[in-house]
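Q: What would the 3D arrangement of this be:
(chains A and B)
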Amino acid sequence: MSEALVTVRSPILVLPATNIDTDQIIPARFLTTTSRSGLGMHAFADWRYGPDGQPNPTCSLNDPRAQDCKILVAGDNFGCGSSREHAPWALHDLGFRVIISSSIADIFRNNAVKNGLLPIELPAHAMRVLLDSAWGELEVDLLGSCVHMPDGSKLSFAIDAFARHCLLEGLDELGYLLSREDAITAFEQRLG
Amino acid sequence: MSAAAKTLLDKIWEQHIVSPETAAEPAILYVDLHLIHEVTSPQAFAELESRGISLRHPERCLATMDHSTPTLAQLPGGGWAEIDGSAAKQLKTLEENCRQHGIQLLGLDSPDRGIVHVVGPELGATQPGMTIVCGDSHTSTHGAFGALAFGIGSTEISHVLACQALLQRKPRSMAVTLSGRPGPGTSAKDLVLAILARIGVDGGTGHVLEFRGEALASLSMAGRMTVCNMAIEAGARAGMIAADATTYAYLEGRPKSPVGKAWEAALEGWSKMHSDPAASFDREVHVDVNNLAPMVTYGTNPGMVIPIDERIPQPEDESAAKALEYMNLRADDQILGKPIDLAFIGSCTNSRIEDLREAASIMQGRQISSRVRTLIVPGSESVKRQAESEGLDKVFLAAGAEWREPGCSMCIAMNGDRAEPGQYVMSTSNRNFIGRQGKGSRTYLASPLTTASAAICGEIRDPRELLREEMSR
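A: Okay, the predicted model is just below:
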């Protein structure tokens, strides 16, 4: 069970790099945890901190304005690489509720929607606008499946109906699967 | 096209549908085999515990320890060096979870332990036509047996533990057909790197790739696993190769393979698990691998890859330029001759006995460059025993390499095996991401032959050169 996500309005944090992999989002050395909480402090650790452990002043994640950002806009193929759910856990813990990219890797997207993190894919022309709109205010409306762009226009996005339903209601899929136990049992009986 | 013609994906999918997908709801897909390791499972077990849910089918689970395990031998008095408190807790947590729920665990003392994607096939747990999942993206490896195998997150692990099923939309299908005969000094790794060069690191997103063509039919199961292993590096949901006589020969007599009448029945079923000749795919890609040269990456994702005798290409965009900057490489330079500090031969991509034999064929009678540290990490205890029975360990040690215990080791660098900032590693693993092999590390991905050649020479060298020398020796 996670909190319901209906509308998110916030400034956007822009990471223009393409192919941001999950090793960037949460380096493997932080994966020896047995917990899913508290990972935000390690999110993008090697981008945010220099070799001496001091914050890197050129990293936008260290900008004071980043504190208020719930929407992350990133270059193509965001979340590629490993299946670690620690990536969406860390981003959520850092305060993000929406990830927007022209393409989001399959496993990351699957993991995100199970953790109250809305993945949105937008076409290249919209991405060009957003990648140029760092810190600008954006409104994401999951109920209407649309993004209110900085110029006032409204842009629809596609999202799996079931994922949308779960995010809007803050439902988790395990409850749903457990409710279908009879079907699973019937399938197993057919298997023999 | 015949209406009845189906792809291998279609056939496996249909056999595992508990309930079909609709616009409103995904399908419920039954899972035959659930592989488990220490890093991504503790949160899933904790979720079940907090909700008081028991495991549906512990006998369909197989657990191993690989990611955070040490690769140095156990200390004389027992216990392990280089294992920190949190890694130790993670391993202990897996032990407790497996004991509590009755799951077979290949623990640190098991003679069958190893990397999850090496031991599943070794034990015969991985079989054609199955659905196989694991909280690990390289689960695609098992597709080499004609199975539908894919990585899942920890929440989905809890779903499989509780229900032996997952909510899934059916992925699209993509045929990747290789034509031609690769050149000398190449192996499966070069094939899959060539595929990545062709389709890119997100070319497979949303798709299951079925690899086909003559170059694959002649590959051993180890080679096929190498190819399917890196399907995920194209962003694919899974990779697969239809089972054939090579697959059956590999599986016969393995501990978890069916025997007797069950084996005959299994063969009968498996023989149908291939794409029908008239089946159509959502996408089809052809990759010409005729005269393929050894491949090596030069950037910070596996799609940034070139034949070893070509020059580093001009960056296409700012991210590619940053990748070159991180690697401290210049466009138009040759990749040949670039120095390396470490060589790593191992990982779920290239740690099987065939891979070690290739590396040994280069190292036999040669000395590793004094400026290179070389780690050779077998994929499993079984691979280690086999290598030692063939004397490969002696070849490696005589050449100056370190012969380690099985595990993921420097592929993911979370067990203490890692490169230092700025160091160059040539690696047989699967990811050259920034910092993947240690903070600030720089990775060149290549085959075991190419990696062993670089270890010997202290710089990137064409393995065909060393193989020629060997023939004239």
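Q: Look at residue A:140 and give its secondary structure.
A: strand (DSSP: H, G, I helix; E, B strand; the rest coil).
Q: Could you report the neighbour count for the nearest residue to it once chain neighbours are set aside?
A: Excluding its sequence neighbours, the residue lying closest to residue A:140 (CB to CB, 6 or more residues apart in numbering or on different chains) is residue A:8, at 4.6 Å. Yep, even glycine has a C-beta here, placed from its N, CA and C like the rest. Burial measure for residue A:8: 17 neighbouring residues, criterion other CB atoms under 10 Å in any protein chain shown.
Q: would residue A:8 count as being in a strand?
A: Yes - under three-state DSSP, residue A:8 sits within a strand.
Q: Next, the contact list for it, please.
A: A:70-71, A:97-98, A:118, A:139-140, A:142 (CB atoms under 8 Å, 6 or more residues apart in numbering or on different chains).
Q: If we use 6 Å, what do you get?
A: By CB atoms under 6 Å, 6 or more residues apart in numbering or on different chains, residue A:8 lies in contact with A:70, A:97-98, A:140.
Q: likewise residue B:170?
A: Residue B:170 is in contact with residue B:13, counting by CB under 6 Å, 6+ apart.
Q: can you list the residues of the stretch 351-473 of chain B near chain A?
A: Residues of the stretch 351-473 of chain B lying close to chain A (CB under 6 Å from any CB of the partner chain) are B:412, B:414, B:433, B:435-436, B:439.
Q: which secondary structure elements does the longest helix along chain A contact?
A: Longest among the helix segments of chain A by residue count, using DSSP state H, is helix A:181-191. For helix A:181-191, the elements it packs on are strand B:17-19, judged by 3 or more CB pairs under 6 Å, 6 or more residues apart in numbering or on different chains; DSSP states H and E.
Q: got a list of contacts for the strand it packs on?
A: Counting by CB under 6 Å, 6+ apart, A:183-184, A:187, B:27-28, B:30, B:165 sit against strand B:17-19.
Q: who wins for neighbours among those?
A: residue B:165 (26 neighbours).
Q: pLDDT at it, what is it?
A: pLDDT recorded at residue B:165 is 98.
Q: ok, now residue A:9?
A: Looking at residue A:9, the pLDDT reads 97.
Q: shouldn't it be in contact with residue A:139?
A: Yes - using CB atoms under 6 Å, residue A:9 is in contact with residue A:139, at 4.4 Å.
Q: TSV for the contacts of strand B:17-19, including distance to residue B:76?
A: Output for those, formatted as TSV (distance: CB to CB, whole Å):
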residue	distance to residue B:76
A:183	55
A:184	50
A:187	52
B:27	54
B:28	52
B:30	48
B:165	47
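Q: List the buried residues for stretch B:453-466?
A: Neighbour counts over stretch B:453-466 (16 or more other CB atoms under 10 Å in any protein chain shown) mark B:453-464, B:466 as buried.
Q: Which of residue A:9 and residue A:139 has more residues huddled nearby?
A: The neighbour comparison of residue A:9 against residue A:139 (other CB under 10 Å) goes to residue A:139, with 15 against 12.
Q: Now do the same contact list for that one.
A: A:9, A:148.
Q: On the strand side of things, show who it bridges to.
A: residue A:9, residue A:148 (DSSP bridges).
Q: Quick check: pLDDT value at residue 176.
A: Just going to use chain A. 95.
Q: my bad, the chain I had in mind was chain B
A: pLDDT, read off for residue B:176, is 98.
Q: Relative to residue A:114, how far out is it?
A: Here the criterion is CB to CB, to the nearest Å. By it, residue B:176 lies 30 Å from residue A:114.
Q: More neighbours: which of these two?
A: residue B:176 (29 against 23).
Q: residues in contact with the more buried one?
A: Counting by CB under 6 Å, 6+ apart, residue B:176 makes contact with B:209, B:211, B:285.
Q: quick one: which of the residues you listed has the most company?
A: residue B:209 (32 neighbours).
Q: Among the residues of the stretch 351-473 of chain B next to chain A, which one sits closest to residue B:304?
A: Ranked by distance to residue B:304 (CB to CB), those are led by residue B:433 at 11.0 Å.
Q: So what's the residue count around the closest one?
A: A count of nearby residues for residue B:433, using other CB under 10 Å, gives 23.
Q: What of residue A:189?
A: 8.
Q: Excluding chain neighbours, give the residue nearest to residue 97 in space.
A: Since no chain was named, I'll use chain A. Here the residue nearest residue A:97, using CB to CB, 6+ apart, is residue A:70, at 4.6 Å.
Q: try chain B instead
A: Nearest non-adjacent residue to residue B:97 (CB to CB, 6+ apart): residue B:45, at 4.3 Å.
Q: Give me the secondary structure label for that neighbour.
A: Applying three-state DSSP: residue B:45 is helix.
Q: And it, how far from residue B:55?
A: Taking CB to CB, one finds residue B:45 at 9 Å from residue B:55.
Q: and the buried residues of stretch B:453-466, which of them are in helices?
A: B:453-457, B:463-464, B:466.
Q: Tell me which two of those residues sit farthest apart.
A: Across those (CB to CB), the longest gap, 16.1 Å, separates B:455 and B:464.
Q: ok now the lengthiest strand in chain B, how far from the chain's centre?
A: When chain B is scanned for its longest strand (criterion: DSSP state E), the result is strand B:172-179. Taking the mean of its C-alpha atoms, strand B:172-179 sits 19 Å from the chain's own mean (CA atoms, centre = their mean, to the nearest Å).
Q: quick one: strands adjacent to that strand?
A: Strand pairing (DSSP bridges) places strand B:172-179 next to strand B:207-212 (parallel), strand B:283-288 (parallel).
Q: after the last one, next one along is what?
A: Think strand B:283-288. strand B:295-297 (DSSP states H and E).
Q: before we move on, what about the first one?
A: Toward the C-terminus, strand B:207-212 is succeeded by helix B:214-217 as the next helix or strand (DSSP H and E).
Q: Mind checking what helix or strand follows that next one in sequence?
A: helix B:221-229.
Q: Between strand B:172-179 and that next one, find me the angle.
A: 130 degrees (axes from the mean of the first three to the mean of the last three CA atoms, to 10 degrees).
Q: Helix B:221-229 packs against which elements?
A: Counting by 3+ CB pairs under 6 Å, 6+ apart, helix B:221-229 packs on helix B:188-199.
Q: Spell out which residues of chain A are next to chain B.
A: Residues of chain A found near chain B (CB under 6 Å from any CB) are A:17-19, A:21, A:23, A:27-29, A:31-32, A:34, A:36, A:46, A:77, A:80, A:82-83, A:85, A:103, A:105-107, A:111, A:114, A:161-162, A:173-174, A:177, A:183-184, A:187.
Q: Residue A:135 contacts residue A:11, doesn't it?
A: Yes - Residue A:135 lies in contact with residue A:11 (CB under 6 Å); the separation is 4.9 Å.
Q: Mind checking which of these two has more residues around it?
A: Neighbour count, other CB under 10 Å: between residue A:135 and residue A:11, residue A:11 has more, with 18 against 14.
Q: hang on, isn't that one packed against residue A:67?
A: No - the criterion here is CB under 6 Å, and residue A:11 misses it with residue A:67 at 9.7 Å.
Q: so residue B:199 touches residue B:234, yeah?
A: Yes - using CB under 6 Å, residue B:199 makes contact with residue B:234 at a distance of 5.4 Å.
Q: With neighbour numbers in mind, choose between those two.
A: More neighbours surround residue B:234 than the other of residue B:199 and residue B:234, with 27 against 21 (other CB under 10 Å).
Q: residue contacts, the more buried one?
A: Here residue B:234 is in contact with B:196, B:199, B:203-204 (criterion: CB under 6 Å, 6+ apart).
Q: in chain A, which spans are strands?
A: Using DSSP E, strands in chain A cover A:7-15, A:71-74, A:98-101, A:118-121, A:137-141, A:146-148, A:154-156.
Q: Include distance to residue B:123 when you put those into a markdown table, please.
A: As requested, the strands of chain A are exported to a markdown table (distance: least, CB to CB, whole Å):
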| stretch | distance to residue B:123 |
| --- | --- |
| strand A:7-15 | 42 |
| strand A:71-74 | 40 |
| strand A:98-101 | 38 |
| strand A:118-121 | 36 |
| strand A:137-141 | 47 |
| strand A:146-148 | 49 |
| strand A:154-156 | 49 |
